[in-house]
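K.L.:
coords please:
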Amino acid sequence: MNEISVSELAAVSAPSIIDVREPDEFAGGHVPGAVNIPLGQLQGSDLPEGPVYVICELGGRSARATQYLAGQGVDATNIAGGTTAWREAGLATTQD
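P.N.:
From the prediction side, this is the model:
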């Protein structure tokens, strides 16, 4: 499984990020530009074009989602440590 750290992700220009947390978790703060597709709704969802980066709160759900997407032929990369690691690195979140 492909995996990237939050600091490596922060250096990617215009990444397509899928946040697989539930809507209430997503609303509480997320990586800017992330699209919320809860893990339970991932199958059959429209995904962004090209490679996608998958995030959750700590990394467990996003790891499962990344494995699923990779099995579907999607170029998916898990974000290690999730939104928690993003915040701990001092990176900004947004609420929208």
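
K.L.:
give the burial count for Glu3, as a bare number.
P.N.:
Counted with other C-beta atoms under 10 Å, residues neighbouring Glu3 total 16. For glycine as for every other residue, the C-beta is placed from the backbone atoms N, C-alpha and C.

K.L.:
quick one: the nearest residue to it once chain neighbours are set aside from Asp96, how far?
P.N.:
Nearest residue to Glu3 in three dimensions, chain neighbours excluded: Asn78, at 4.6 Å (C-beta to C-beta, 6 or more residues apart in numbering). Separation of Asn78 from Asp96 (C-beta to C-beta, to the nearest Å) stands at 24 Å.

K.L.:
more neighbours: these two, which one.
P.N.:
With neighbours defined as other C-beta under 10 Å, Asn78 and Asp96 compare such that Asn78 has more, 25 against 8.

K.L.:
which pLDDT value goes with the more buried one?
P.N.:
Asn78 is assigned a pLDDT of 98 by the prediction.

K.L.:
can you classify it as helix, strand or coil?
P.N.:
Asn78 carries the three-state label strand when classified by DSSP: H, G, I helix; E, B strand; the rest coil.
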